[in-house]
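Student: Predicted model and sequence follow; I will ask about them next.
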Amino acid sequence: MTNKKNIAIIMGGYSSEYEISLKSGNVVYELLDTNKYNAYRIHIFKNKWVYVDANNAEFNIDKNDFSVTIANQKITFDCVFNAIHGAPGEDGYMQAYFNLLNIPQTSCGMYQASITYNKRDCLSILKPYGIKTAESFYINLGDATDEDAIIKKVGLPCFVKANKAGSSFGITKVYKKEDLQNAIDVAFKEDDEIIIESFLDGTEVSVGVITYKGETKVLPITEIVPNNDFFDYKAKYLGESQEITPARLTKEQEDKVNTIAKRVYEILKMKGFSRSEFIFKDGEPHLLEINTVPGLTRQSILPQQAEVAGITLPELFENTIIEALQ
């Protein structure tokens with residue numbers, strides 16, 4: 001019997017998304033093969049980093065080497081499974097920390113995480129490669145708001161979003177000029193940078209790209225049909241949208257978006273899981289954003305896509321650990 005690997009599943013985080021992250025982490029915890037792995041649930045919060053055992057007892061993590069001591073026995077980890085959506089799991093901080101400690105982790109690298117977490121910087125890196133995006137206008141906290149300049153560039157309706165917050169928090173669809181300032185104030189509650197984008201009227205799709213068995217693999221595409229006005233937090237997590245996998249696309253549309261999603265993954269030198277959102281405008285996929293720690297609950301989009309591709313969740317999770325350990 002080979003030695004079982006100790007896997008730390010990090011979950012929680014510092015953002016509004018911590019509840020979803022705890023759900024994702026618990027799904028991973030339940031489905032990892034116990035014959036091969038000792039799985040440990042690690043809650044990462046601003047005020048505490050703790051290992052939570054089967055009885056929900058908490059043990060402090062030693063941040064010097066990311067170890068935990070239980071009954072006088074020190075436990076270290078062979079690999080970290082990152083299930084933190086938002087900060088500090090999706091923005092590069094945890095990636096940098098584990099890199100310094102030389103502990104393999106399942107998500108992309110520090111640079112990739114911080115770039116993709118910042119919508120503005122990510123889109124501007126990809127633009128020279130011919131990746132199409134919505135028209136956008138950026139404002140930093142403290143900048144004066146020139147409503148006419150904004151509307152001239154992006155038009156109405158438009159979307160006002162926090163630039164760095166995950167999960168559709170702080171996002172408003174604006175139809176009239178007089179509603180713009182309020183939407184800007186809402187977004188600034190989540191972030192000190194905001195992005196205002198033109199409304200693209202077309203089919204919205206979500207494309208999972210992962211490294212699977214050593215190769216970049218594009219999963220079956222999901223079409224997002226919001227019951228609400230757009231794919232907001234409620235639509236994303238409270239079931240207020242229909243998610244259709246595989247998406248109802250023409251062969252040509254499918255090939256186009258697959259090629260672009262794979263290209264984006266490779267241009268940015270991603271690894272691990274990723275999920276990109278695109279909207280088709282005039283038949284061309286326009287990139288909205290990239291998530292590098294997508295939801296892993298059974299209802300989440302990436303697990304739905306893996307299932308359609310014939311990959312079970314235990315296989316999906318184990319593969320990402322194997323990739324990280326190589």
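Tutor: Nice, I can see it.
Student: ranges for the strands of the stretch 201-326 of the chain?
Tutor: 204-212, 215-218, 222-226, 241-244, 274-281, 284-291 (DSSP state E, counting those that start in this stretch).
Student: burial measure for Lys48, as a count.
Tutor: 11 (other Cβ atoms under 10 Å). Backbone N, C-alpha and C define where each C-beta goes, glycine included.
Student: just to revisit the earlier point, most packed of the strands of the stretch 201-326 of the chain?
Tutor: strand 204-212 (a mean of 24; mean count of other Cβ atoms under 10 Å).
Student: quick one: low-confidence parts of the protein?
Tutor: 1-2, 165-168, 228-240 (pLDDT under 70).
Student: By residue count, what's the longest helix in it?
Tutor: If you go by DSSP state H, the chain has its longest helix at helix 251-267.
Student: Okay, buried residues for that one please.
Tutor: 253-254, 256-258, 260-265 (16 or more other Cβ atoms under 10 Å).
Student: Check those against Ile70 and report the nearest one.
Tutor: Tyr265 (38.5 Å; Cβ to Cβ).
Student: Leaving out chain neighbours, which residue sits closest to the closest one?
Tutor: For Tyr265, ignoring the flanking residues on the chain, the nearest one in space by Cβ to Cβ, 6 or more residues apart in numbering is Val209 at 4.4 Å.
Student: State the number of residues packed around the residue lying closest to Val293 once chain neighbours are set aside.
Tutor: Leaving aside its sequence neighbours, Val293 sits nearest to Glu90 (Cβ to Cβ, 6+ apart; 4.5 Å). Close neighbours of Glu90, defined as other Cβ under 10 Å, add up to 29.
Student: any idea how far Asn82 is from Glu90?
Tutor: According to Cβ to Cβ, to the nearest Å, Glu90 and Asn82 sit 8 Å apart.
Student: and for the two, which residues touch both?
Tutor: 107, 293 (Cβ atoms under 8 Å, 6 or more residues apart in numbering).
Student: Kindly reformat the buried residues of helix 251-267 as CSV containing distance to Lys132.
Tutor: Output for these, formatted as CSV (distance: Cβ to Cβ, whole Å):
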residue, distance to Lys132
Gln253, 13
Glu254, 17
Lys256, 10
Val257, 11
Asn258, 15
Ile260, 8
Ala261, 13
Lys262, 15
Arg263, 12
Val264, 11
Tyr265, 16
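Student: Extract the CA atoms of stretch 60-74 and return them as PDB.
Tutor: Listed in PDB are the C-alpha atoms of stretch 60-74, where the atom choice follows Å, rounded to 0.1, in the frame of the first residue of the first chain:
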ATOM      1  CA  ASN A  60      -5.100  26.300  14.400                       C
ATOM      2  CA  ILE A  61      -2.900  26.300  11.300                       C
ATOM      3  CA  ASP A  62       0.700  27.300  11.800                       C
ATOM      4  CA  LYS A  63       1.200  29.800   9.000                       C
ATOM      5  CA  ASN A  64       5.000  29.500   9.200                       C
ATOM      6  CA  ASP A  65       4.800  26.100   7.400                       C
ATOM      7  CA  PHE A  66       1.100  25.600   6.900                       C
ATOM      8  CA  SER A  67       1.000  22.700   9.300                       C
ATOM      9  CA  VAL A  68      -1.400  21.600  12.000                       C
ATOM     10  CA  THR A  69      -0.700  19.800  15.300                       C
ATOM     11  CA  ILE A  70      -3.200  17.300  16.500                       C
ATOM     12  CA  ALA A  71      -2.600  15.300  19.700                       C
ATOM     13  CA  ASN A  72       1.100  16.300  19.700                       C
ATOM     14  CA  GLN A  73       1.500  15.100  16.100                       C
ATOM     15  CA  LYS A  74       2.500  17.600  13.500                       C
END
